[in-house]
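> this one's structure only:
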């Protein structure tokens, strides 16, 4: 039993490097969780922060594994180099890892309080329905944007779970609501950038935004979303402080640089400019969240 667990653990380590990079995910989640704790006016300990990061990671892992099962046949045809398709790890082995992830999430939710428990049940129910493609299969897959939108709801439920973890209530004030919209836009941008490809690199799966919108329109749409994300950031800061904090000047400057990185990619269309554009947004979004935390604290 122990030998089998160690074997699966080694396989999962290889798998996560490509399909679920744990270090990157933790670093990405940390700023948003800090700002979430700040707008809820809670005073979390380091243990509180670690627990909610763990809950978020295992929930995202649960979503990833469900996606692997749901998209198995599609990936066999269009993404044959992915770990499952190459035999790095078996779907049955991912099932055991998923069972552990769901158990951890459930235990955290139960130990935290009634409201987190209720939200966790909604989260797991929704992931189950998403995994079954809401029992309408190919019908919903034909509508690429709706299909991605309904799957993104899983991320929004996770953000609500984070709020309830900190306040153990469904009583959300204006700063929390504005912050929720801010994080929602950030999540949409993150998912959008993952599926924004250089012309000619879309592949045959029809699962990128550029394959439907084209490269130019995709870049413009990204910039619109980026502008909205910045607007809601400055709105939050205006709600929580009447003073002009020096961090806001940095935020404005970084926003301009992030826009310029998108323009550069629009012109050059290279792998390096693509990486620069994505890294610029991740840095900006992380800075926004940390700035909210610092200003409130």
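Everything's here; your move. Just so it is clear, the structure is predicted and the values come from calculations on it, not from any experiment.

> Okay, residue 201 and residue 292: tell me how far apart.
35 Å (CB to CB, to the nearest Å). From N, CA and C alone the C-beta is placed, and that goes for glycine too.

> Counting neighbours, go ahead and name the busier of those two.
residue 292 (26 against 13; other CB atoms under 10 Å).

> Please name the residues that touch that one.
Going by CB atoms under 8 Å, 6 or more residues apart in numbering, residue 292 touches 34, 35, 38, 39, 179, 233, 236, 237, 240.

> Share the number of residues neighbouring the closest residue to residue 113 other than its chain neighbours, please.
Among residues not flanking residue 113 along the chain, residue 168 sits closest, at 4.1 Å (CB to CB, 6 or more residues apart in numbering). Residues contacting residue 168 under the criterion other CB under 10 Å number 15.

> cool, and the one 10 residues further on?
Applying other CB under 10 Å, we find 18 other residues in the vicinity of residue 178.

> give me the element it is part of.
Secondary structure from DSSP states H and E places residue 178 in helix 174-194.

> Against residue 282, how distant is the spatially most central residue of the chain?
In the chain, the C-alpha nearest the mean C-alpha coordinate belongs to residue 187, at 5.3 Å (CA atoms, centre = their mean). Note on residue 187: its distance to residue 282, by CB to CB, is 12 Å.

> Please work out which residues outside the lowest-mean-pLDDT helix or strand in the chain touch it.
In the chain, no helix or strand scores lower on mean pLDDT, DSSP states H and E than helix 138-141, which sits at a mean of 73. With CB under 8 Å, 6+ apart as the test, helix 138-141 has contacts from 133, 134, 146, 147, 150.

> Where does pLDDT dip in the stretch 101-250 of the chain?
137, 202-206 (pLDDT under 70).

> can you pull out the strands in it?
For the stretch 101-250 of the chain, strands defined by DSSP state E, counting those that start in this stretch do not occur.

> which residues of it fall in helices?
114-131, 138-141, 144-167, 174-194, 210-213, 215-240, 246-268 (DSSP state H, counting those that start in this stretch).

> and residue 228, how many neighbours does it have?
Quick note: residue 228 (other CB under 10 Å) scores 17 neighbours.
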